[in-house]
Each structure stands twice: as C-alpha cells, then as structure tokens.
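Trainee: The sequence and its predicted three-dimensional model are supplied below.
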Amino acid sequence: MNAGGTPPFPGLAPHPSISYEIPGLREDPTLCLRCRAAQGLCGKPVCPILLRYDAFAKTLPMTSSKELEGTSPPALFIGRFGWPKVSVGPLLAPEHGDTRLLDHPEKWVGRPVAEVVAMRTGLIRGTRSARVESASRPDAYLEALQLLSLAAESPEAEANFRRAPRARISLSDTAPPFGPSAPLESVRLDVRRVDARLEKMSSDVHAPARTGVEELYSRSVPVSRIQRAFSAGVLGRQRRRRFVPTRWSITAVDDLLSRANLERVRELPELSEILLYRYTALDNRWLIVLLPGAYRYESIEAWYPNTLWNPSFTDLVIMGDSEGHDGRTTYASIGGCYYAARLATSEGLLQLRRQAGVVVLREVHPGEILPLGVWNVREHVRAALQETPEHLPSLDALFGRVRESFAIELPRWVRASSLLKDARYQRRLEEFDPPAAGGAMLLST
C-alpha cells in the first residue's frame, strides 16, 4: 500500500470501490502496527489492509447450500461489533470425523502458513445475535453453544442457514482466521463427551472466572480450550457470566495466566548468566534473551517493508513495550502479541526455576502475508524456549549474536529496547570495588 494507492501484492487485486490510502500513515509509520485493525486509528470504517485480502475469498469453495452436515472441531466464535449485543455461533467443518486439529493451535507449530489458512478457511461460521449477559441465563441455542465449548471431541453437527454462507475470510491479528459465515435458522450439535476438567469448573457457579482459568491451566488444559470456555461464558460466578468476544478472551486469558505465573517467578532465585534462544518459523525470526537479575520483560517487533502491518515499500517499523519487576497497569501498545509472549516466557522461567530479565525480539519478513492470530507468537516463543539455549559470557557476545541472527542492524534494536539499553549503559553497584578495610569513603557534595 504505497502513496499512489497501489496494493503492495500484485496478486491481490483491489476491489474497485476500495481506496488503499491510509490517512495519517506518512506522519506516523507505526499507525497500522499500533492499530492492527482493532482501533480504527486511520479513521476508515473498515481496515484497508484487511480489505486488500478480499481477493483471497475467491479461492474459497463457494457454499451454495443453506444446509450443512459435518462436525465442529469443536469451536465457536463470539463477535465484538455491536457489543453488548454480539453475534454468537459455532464454527462448523463440512466433513465428518475428528476435526479437532482445526481449532487446536498448540498443534500448528511447524506447519506452513498455507496449511493453517486452508484448515481455518474451511470452517463455516453460523451466527445469531445475543446479549453478552445472556450467558448467565441461556436459551436452548446458547446452552448448546456453551456445551460445545466443553466438548472433548468433534461432535456431529447439522445446520440450516437463512441464506447460503458467503465465501469470504474473517481476518484478525488476535484470533485465527475462518471462512464463510451466515445467519443460522437452526443447528443441532451432538455433544456426546465433554472434558471432565472443563465440566467441573463450569459447574462451580461460585468461583470467580480468574479462579476457573487458573485451575484449568494447573490441570494442563490447553490454553486455547481455556480461552474458548472463557469466551463462551461458562466460567465465573453464575450471575456474572458473560459471553466474551473471541479476540478479547484470547488476550484476557494470556494476561491472567501470565500474571499468575509471574507471582511465582518473582519468588525464584535470579539468573546469573545470559541465555539466548533462537527460532525461525513462518518467515519470522525470534530471539529470546534472558538477562541476569530480577524479573522484567520486554517484547519488540520489527516489521520489514511490505509486510502485513507495515504497508511501506521502503521503511521498516519497529516498536515494543516493556514492564518492570512489578508488571504494568496499562494495555500494551503492540496488543495481544505482548501478552501471548509474556505467557510463554513466564512458563519458560518457571521451567528454568529462575527469574530474569526477558527480551523477546521478533523480526517479521515479507513471508508473513496474513494475520494468523496471536497463537503464532505464543506457540513459537514456547517452541523457542524448548530449544537448547546458548550460554553467553558477555553482553558483547549477545550483541554479536543479534547481528548474526537479524537483518536489521543492531543499533536499531538497542534504541528500541529499554532493557538492552539498560544492560549496555547502566552500571551496577557490584561493578564498584568496596572500600579497603578500615578505609574511609569520601562523598562529594
């Protein structure tokens, strides 16, 4: 998307009625990266970046029938537009058998982007409007959806739509994509077996939602399933249960779980050396740095020209957020990716049984052409932390590895990073020799 209005990917033809100009982008190159189609910072009613992928919808199989027989992975989607009255419905696969992989991002690591997109765009979303507070007193349809969120296998499904589902992709930087959608006339979901762990927490109508989330996590329920249950409003005190838009529930669960983990991390001994983890996936390069000392955290993303959230042809965009030992109270400007990486790194510190300064560096190259959701960050940072780390003797050695691993020059990373700048320039008390025994300390005034 350049100043002349030409879409950056020649293979993605623009819709004739769409303007690809983004107001304010010249003055603030971080505009799209900060917004990510969530805040409308450019003032347009629909994100121009996501609209440029409209041509991809033509590659989806057209759904001409108003009827569907198949399964649900199980999966559902809660919209956010119109809140507190939102669209609520299942995601359905027009195939029978075990389709759990289609909504199980913990198992997508190592798969190419085309495979992930193909899996997700085959899912058809049925929709019906509901008020978010109706999760606490659901009708038969909403109760069936809530039971779906507890399912342990792929239930058989039959759906009748008011019209044939429209072939287009739903894209979000937080949630994984999915395919066509249509209003539901009726749906039958044959849930025969539920996850006993989810069912137990759903039955506890006195425990707060945070307690439910943490309890499920402690029982090794996958984070994606916890997010699904949280979104479906089956956790928390009965009268306070709400449907939560899917993209909000994903970040909320990442935030809640990482906060709980970090309460334990802050009680651990401090790391005494520099550890470096490296990983490459989906044309993203990752470096996760653990620095000696008390816990603090930073996540920085550098987007090459002509990548998803950087529509410039010539300039790269780099930005990040950080927090000190006690955490943060404001929402991170880089959005859900910050909390997804924080959850993954908090798990890594608990596994290492050390607290440390954590710096997550992500260099995004042009191969990332579609938003896949923050699972991309969470699961690949998790994967990186399962690799054998390098034990580095000095900060200079670390900077040497950054130069080797990334195409962007080291000074750009250091300028963008408060933790790396602090490590590079801030002197520590232990660097100063103590006064000789019996000697006097002279204090200048």
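Mentor: Thanks, I have the structure now.
Trainee: From what I see, Gly335 and Trp248 are in contact.
Mentor: No. Between Gly335 and Trp248 there is no contact under C-beta atoms under 8 Å: 11.3 Å. C-beta here means a position set from N, CA and C on the backbone, and glycine is covered the same way.
Trainee: Confirm that Ala118 sits in a helix.
Mentor: Yes. Applying DSSP: H, G, I helix; E, B strand; the rest coil, one finds Ala118 inside a helix.
Trainee: Compute the number of surrounding residues for it.
Mentor: Neighbourhood size, Ala118 [other C-beta atoms under 10 Å]: 14.
Trainee: List the buried residues in stretch 363-380.
Mentor: 363-365, 368-380 (16 or more other C-beta atoms under 10 Å).
Trainee: which ones are touching Ala383?
Mentor: For Ala383, the contact set (C-beta atoms under 8 Å, 6 or more residues apart in numbering) comprises Val109, Tyr279, Ala281.
Trainee: How much space separates it from Ala130?
Mentor: 37 Å (C-beta to C-beta, to the nearest Å).
Trainee: re the thing from before, may I see the contacts of Ala383 arranged in JSON lines, with distance to Cys32, pLDDT and secondary structure as well?
Mentor: Formatted as JSON lines, the contacts of Ala383 follow (distance: C-beta to C-beta, whole Å; pLDDT from 0 to 100; DSSP: H, G, I helix; E, B strand; the rest coil):
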{"residue": "Val109", "distance to Cys32": "27", "pLDDT": "95", "secondary structure": "coil"}
{"residue": "Tyr279", "distance to Cys32": "25", "pLDDT": "96", "secondary structure": "strand"}
{"residue": "Ala281", "distance to Cys32": "23", "pLDDT": "93", "secondary structure": "strand"}
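Trainee: which of those residues has the most neighbours?
Mentor: Busiest of the contacts of Ala383 [other C-beta under 10 Å] is Tyr279, holding 20 neighbours.
Trainee: So it is in contact with Val377, correct?
Mentor: No. Using C-beta under 8 Å, Tyr279 makes no contact with Val377, being 11.4 Å away.
Trainee: show me where the chain has strands.
Mentor: Under the criterion DSSP state E, strands of the chain are mapped to 67-71, 76-78, 85-92, 124-131, 156-161, 181-190, 274-281, 284-291, 296-303, 317-323, 357-364, 390-392.
Trainee: now for those, which one comes closest to Cys35?
Mentor: strand 317-323 (12.0 Å; C-beta to C-beta).
Trainee: Run me through the strand neighbours of that closest one, direction for each.
Mentor: strand 296-303 (antiparallel) (DSSP bridges).
Trainee: Go ahead and measure how far the partner strand is from the middle of the chain.
Mentor: 14 Å (C-alpha atoms, centre = their mean, to the nearest Å).
Trainee: And for stretch 130-147?
Mentor: Counting by C-alpha atoms, centre = their mean, stretch 130-147 is centred 26 Å from the centre of its parent chain.
Trainee: for stretch 183-193, same thing?
Mentor: The chain centre lies 28 Å from the centre of stretch 183-193; the measure is C-alpha atoms, centre = their mean.
Trainee: Alright, calling it a day.
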